[in-house]
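**Student:** the following comprises the amino acid sequence and a computationally predicted model.
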Amino acid sequence: MTTAERGTGPEYRGLVRTEGLAGFVVRVAQTDLFIRAERDLTAEAYDLAARGRGQIETWAKERPEFLTSLTPLPDAPLALSPVREMLEAGRHAGLGPMAAVAGAIAEFVGLGLRSHSPAGVIVENGGDIFISAKTQIKVGLFTGLPAVSMRLGLVIDPDMTPVGVCTSSGTIGHSLSLGRADAATVVAESAALADAAATGLGNRVRKPEELEPALEWAVSLQGVRGAAVVLGDKVGLLGDLNLVSL
């Protein structure tokens, strides 16, 4: 099924603030993407999302551990995108490849759309975001806490892109998290890495004194530009990031 909509849908789809780009939704099975581009590229995005999902499903059919492992799996040089990026991101973050699936699909679709939309492409997949832009973008931090949610944001300058901005939460959503962070956000050179690193970051935060070592772990990963954590009324930030009021 393919749909194209102007509305943003779920509340977290207000995460990214930008102007001059059309917004549309593409759904393929469980994948639900909100995309911004120069024009409606629903057909192209649908084909890319279906192809990316197909690569993952084909790979996992003969390797069921790809879907279930919570620890890194060996390198597979012959794997195609986005499987290869998921495996690599999982190894960097010390997690199974599915920790990177949402970011990897967002990135696969976003990279595929860049030639159709030189002015910029933003692909959001369940709060995990791929950004390629020629103007400054602000990404809001979405949490279940009204005092903080969408009141603070990260500034993404054009020279930082393409980039991934991904968030894990121990209090919102259905994704597996072993921690209690309301939001654990990572900005990285790839959305797959940002996704896996955000999961690893969130797993490490259960109480305020764990904020600093968790953030230090995240920015120690090659390819990670910076990270932010919201835990109750505590906000931690580390790396080459600019946090602003929205």
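**Tutor:** In hand now; what should we look at? Numbers count the residues shown, from 1 in each chain.
**Student:** drop to CA atoms for contacts and neighbour counts, all remaining ones
**Tutor:** OK.
**Student:** could you check how far residue 88 is from residue 75?
**Tutor:** Using C-alpha to C-alpha, to the nearest Å, residue 88 is found at 7 Å from residue 75.
**Student:** the two - which one has more neighbours?
**Tutor:** residue 88 (23 against 11; other C-alpha atoms under 10 Å).
**Student:** please identify the helix or strand for the more buried one.
**Tutor:** helix 83-93 (DSSP states H and E).
**Student:** now that helix: mean pLDDT?
**Tutor:** Averaging pLDDT along helix 83-93 gives 97.
**Student:** in this structure, what helix or strand scores lowest on average pLDDT?
**Tutor:** Within the chain, no helix or strand scores below strand 16-17, which has a mean of 57 by mean pLDDT, DSSP states H and E.
**Student:** surely residue 184 meets residue 232?
**Tutor:** No - the pair residue 184 / residue 232 is not scored as a contact, 11.9 Å apart, by C-alpha atoms under 8 Å.
**Student:** tell me where the model's unsure across this structure.
**Tutor:** Low-confidence segments of the chain, defined by pLDDT under 70, are located at 1-19, 142-151, 170-179, 246.
**Student:** can you give me the strands in it?
**Tutor:** 16-17, 22-28, 31-37, 120-125, 128-133, 137-140, 152-156, 163-168, 183-188, 224-231, 234-239, 243-245 (DSSP state E).
**Student:** tell me the most buried of those strands?
**Tutor:** Mean neighbour count (mean count of other C-alpha atoms under 10 Å) peaks for strand 183-188 among those, with a mean of 32.
**Student:** which strands or helices does it pack on?
**Tutor:** Applying 3 or more C-alpha pairs under 8 Å, 6 or more residues apart in numbering; DSSP states H and E, one finds that strand 183-188 makes contact with strand 163-168, helix 191-203, strand 224-231.
**Student:** mind doing that once more with 10 Å?
**Tutor:** Where contact means 3 or more C-alpha pairs under 10 Å, 6 or more residues apart in numbering; DSSP states H and E, strand 183-188 is packed against strand 128-133, strand 152-156, strand 163-168, helix 191-203, helix 211-219, strand 224-231, strand 234-239.
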